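Q: using only what follows, build the 3D model:
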Amino acid sequence: MAQPFKSCSVSGCNGDASAPGTARGLCQSHYHRLMRHGDPRAGATPRGTSQNSPARFLDEVVYPYEGDDCLTWPFSVSAHGYGQIRIDGRLCFVSRLACEHSHGAPDSPDMQAAHTCGNGHLGCVNPRHLRWASGSDNQMDRVEHGTSNRGERNHFGKISEDDVREIRRLHGSMSQQALADRYGISRSNVQSIQYRRSWAWLD
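A: Down below sits the predicted model:
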């Protein structure tokens with residue numbers, strides 16, 4: 001037997017607090033925010049809007065949002081924290097949909113929805129924080145915001161920035177194979193480092 005409708009305890013929300021996956025008198029989206037942020041009102045969601053459907057939340061909250069604060073996606077997120085939604089059976093990044101809605105289609109399908117706030121990994125989908133950028137420009141944004149996983153931040157990296165500088169300093173005075181053996185990487189990796197095809201951003 002279906003549970004009778006119970007309104008969310010957050011003032012101004014008409015979400016269903018009796019639906020599966022809800023608790024503490026909160027609708028699904030506010031309960032998700034409580035678990036994620038410690039506050040069911042986190043994410044700067046306008047009051048009085050429908051929040052129990054990702055598609056409606058996108059149409060009623062994200063697209064018309066004009067605030068300057070980050071707007072946190074309260075539903076499904078990727079392994080890296082980016083908001084996502086399933087449309088016609090296809091999983092889409094919300095930031096990309098919001099960017100296209102606000103700025104039109106990208107000049108190239110390779111362009112990415114870059115966050116000026118640096119909080120895409122925290123689920124921000126504020127259209128005012130988004131712009132189309134190339135992959136390299138978006139990567140430079142991450143470096144500036146301190147969210148890049150390149151270099152020493154990469155959990156799969158075997159060498160440090162100091163190692164890279166030393167490999168370059170020894171170029172010509174020590175064979176690439178000897179350097180590869182010393183640092184536990186491949187000869188091709190040594191060559192890429194010395195010719196700045198990798199770690200090119202490091203002085």
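Q: ok, the closest residue to Leu71 other than its chain neighbours to Arg86 distance?
A: Counting by CB to CB, 6 or more residues apart in numbering, Leu71 lies nearest to Asn126, which is 4.1 Å off, once chain neighbours are set aside. For the C-beta atoms, the positions are set from N, CA and C on the backbone; glycine is no exception. Asn126 is 21 Å from Arg86, where distance means CB to CB, to the nearest Å.
Q: ok, these two, which is more surrounded?
A: Asn126 (25 against 12; other CB atoms under 10 Å).
Q: the residue nearest to Leu71 contacts Glu66, doesn't it?
A: No. If you go by CB atoms under 8 Å, Asn126 and Glu66 don't touch, sitting 9.2 Å apart.
Q: now do the same for the residue lying farthest from the centre of the chain: its pLDDT.
A: What lies farthest from the middle of the chain is Ser173; by CA atoms, centre = their mean that is 42.8 Å. With respect to pLDDT, Ser173 scores 92.
Q: picking up where we left off before, got a list of what the residue nearest to Leu71 touches?
A: Tyr65, Gly67, Asp68, Asp69, Cys70, Leu71, Ala98, Cys117 (CB atoms under 8 Å, 6 or more residues apart in numbering).
Q: mind redoing it with 10 Å?
A: 43-44, 62, 65-73, 95, 98, 102, 115-117, 119 (CB atoms under 10 Å, 6 or more residues apart in numbering).
Q: among these, which ones are in helices?
A: Among the contacts of Asn126, the residues falling in helices (DSSP state H) are Ser95, Ala98, Ser102.
Q: spell out the secondary structure type for the closest residue to Arg96 other than its chain neighbours.
A: Leaving aside its chain neighbours, Arg96 sits nearest to Ala113 (4.5 Å; criterion: CB to CB, 6+ apart). Three-state assignment for Ala113 (DSSP: H, G, I helix; E, B strand; the rest coil): strand.
Q: list the contacts of Ala113.
A: 82, 93-100, 102-103, 106, 120, 125, 127, 129-133, 138.
Q: report how many residues lie close to the closest residue to Gly135 other than its chain neighbours.
A: Distances taken as CB to CB, 6+ apart put Gln112 closest to Gly135, at 5.9 Å, once the chain neighbours are dropped. Residues near Gln112, counting by other CB under 10 Å, number 22.
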